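Novice: what's the 3D shape of this:
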Amino acid sequence: MSKPILSKELAYKALQDFFNDKPFVLFGTGTSCAVDMNFGMGALETHLKNTISAKNLPDEQTAEWQSVVGNLENHLDFEAAMNAIQDQTLLKLVIDETANHVAKVDQLNSLKILNGIKTWSAIKLFQRLVDGLPETDRILHVATPNYDLLAEYAITSADLPYTTGFWGGVVRKLDWAQAERQMTYVDRVVTGRKTQNVTRLKKHIRLYKVHGSLNTFWIDNQCKECNLWIYDCPESLERLIITPGTSKYEKLHTYRDELLSEYDKAVRNSRSFLFLGFGFNDQQLVENDIGKKLQAQSPALIITRDWSQKIQDQLDKSKNAWLVCKHQDNDSTRILNQQYHDWLDLPDKQLWRFDEFATEIMGN
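Specialist: Numbers count the residues shown, from 1 in each chain. The predicted model follows:
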């Protein structure tokens, strides 16, 4: 049986219906690159090749690093190229230099986002999602492998309550239960002649930084958060950042409770999934419960600038996934769903831009 033709009316209705249920949101590097291309893997590769290659490393570390450089020059993707690193000292150097690079770009953009000079492109979409949370389910579950804090700056500027699971003062401890208590408020309810105080939960975002962040550190055998050391980390501290490569899986296993346990629970309890600027290069995040749910026909929506073969591979494995992306030859929109025949082209729309998508599909 031939597949039906996808029309604009069918696509718009399906995209609008997608938001009838609260999705789990996973956003990737594309959201940061929309602010500054120096957050991209290309800029990070250049920084690492320039800084680490210039260091006087022991022979074993030099050999491993030259293998990485050779892999990159042979056009192996960054994730696969980093598999050559096994030495833990070299790995720490890569983590520190990765953080140094991302921190510098983050610092250049932080105040601009907080002051409204620059816009984190997904914030309007996040506002729509939080505003639309039902009274009986007031938490939007959001995850990212990004190390930067652009989302946090934008969410703060938009006055959206959020938590990353940490609570306390200058140095914060990881405690999701206590952090969620900070998302509550007291409401005075009048019933007849009686007035009582009722504790209610604010509509808010739970943000899972599944590969760590610029402001997370391993201190006294605990994962802690501190903004003081984002741009200038003391040498005695270990940054909690998971970089690409096979060692990533070892690190994730070591820090699984801290980074992934609450993320895993949220994924298991979710019925639909929204991917923003996520290229599916990091299969670890989607090959487990998310991947199984997508193959079992859980609704999915991918909004991203550029089509890639890895995105297409995910679409081929998914039973009910939509892709909204840019046309390869211009700034128009293309929409694809495997249940329909071929692409739908929208020459006068740029729905791959998150803010335009939010206005056009989700309404003002």
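Novice: quick one: residue 194 and residue 187, what's the gap?
Specialist: 14 Å (CB to CB, to the nearest Å). For every residue, glycine as well, the C-beta is placed using N, CA and C.
Novice: who has more neighbours, those two?
Specialist: residue 187 (10 against 7; other CB atoms under 10 Å).
Novice: I'd assumed residue 196 was in contact with the more buried one.
Specialist: No - the criterion here is CB atoms under 8 Å, and residue 187 misses it with residue 196 at 9.5 Å.
Novice: Near residue 295, how many other residues are there?
Specialist: 14.
Novice: Please list all residues in contact with it.
Specialist: 317, 318, 319 (CB atoms under 8 Å, 6 or more residues apart in numbering).
Novice: From residue 23, how far off is residue 300?
Specialist: Distance, residue 300 to residue 23, using CB to CB: 8 Å.
Novice: Also residue 315?
Specialist: Distance, residue 315 to residue 23, using CB to CB: 17 Å.
Novice: Tell me which residue is most central in this protein.
Specialist: Centre of the chain computed as the mean C-alpha position; nearest residue by CA atoms, centre = their mean is residue 144, 2.2 Å away.
Novice: Quick check: phi and psi on the residue lying closest to that residue once chain neighbours are set aside?
Specialist: If the residues on either side of it in the chain are set aside, residue 144 comes closest to residue 27, at 5.1 Å by CB to CB, 6 or more residues apart in numbering. Dihedral pair for residue 27: phi -110, psi 150, per degrees, to the nearest 10.
Novice: so who does the closest residue to residue 112 other than its chain neighbours touch?
Specialist: In this structure, residue 112 finds its nearest non-sequential neighbour in residue 118, 4.1 Å apart by CB to CB, 6+ apart. Taking CB under 8 Å, 6+ apart, we find residue 118 in contact with 35, 109, 112.
Novice: filter those residues to the buried ones?
Specialist: By neighbour count, with 16 or more other CB atoms under 10 Å, those hold 35, 109 as buried.
Novice: Which of the contacts of residue 118 fall in helices?
Specialist: Counting by DSSP state H, these place 109, 112 in helices.
Novice: which one of the contacts of residue 118 sits closest to residue 334?
Specialist: Closest to residue 334 out of the contacts of residue 118 is residue 35 (23.4 Å), distances taken as CB to CB.
Novice: related to what we said a few turns ago, pull up the overlap in contacts between residue 300 and residue 23.
Specialist: 272, 273, 274.
Novice: Throw the residues you listed into TSV and include neighbour count, thanks.
Specialist: Formatted as TSV, those follow (neighbours: other CB atoms under 10 Å):
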residue	neighbour count
272	18
273	23
274	23
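Novice: can you redo those residues as TSV with secondary structure?
Specialist: Listed next are those as TSV, based on DSSP: H, G, I helix; E, B strand; the rest coil:
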residue	secondary structure
272	coil
273	strand
274	strand
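Novice: which one of those residues is nearest residue 169?
Specialist: After measuring these against residue 169 - CB to CB - the closest member comes out as residue 274, at 33.9 Å.
Novice: on that earlier part again, residue 300 and residue 23: which has the busier surroundings?
Specialist: The residue with more neighbours, out of residue 300 and residue 23, is residue 300; 26 against 21, by other CB under 10 Å.
Novice: residue contacts, that one?
Specialist: So residue 300 contacts 272, 273, 274, 275, 294, 318, 320, 321, 322 (CB under 8 Å, 6+ apart).
Novice: Also residue 16?
Specialist: Residue 16 touches 361, 362, counting by CB under 8 Å, 6+ apart.
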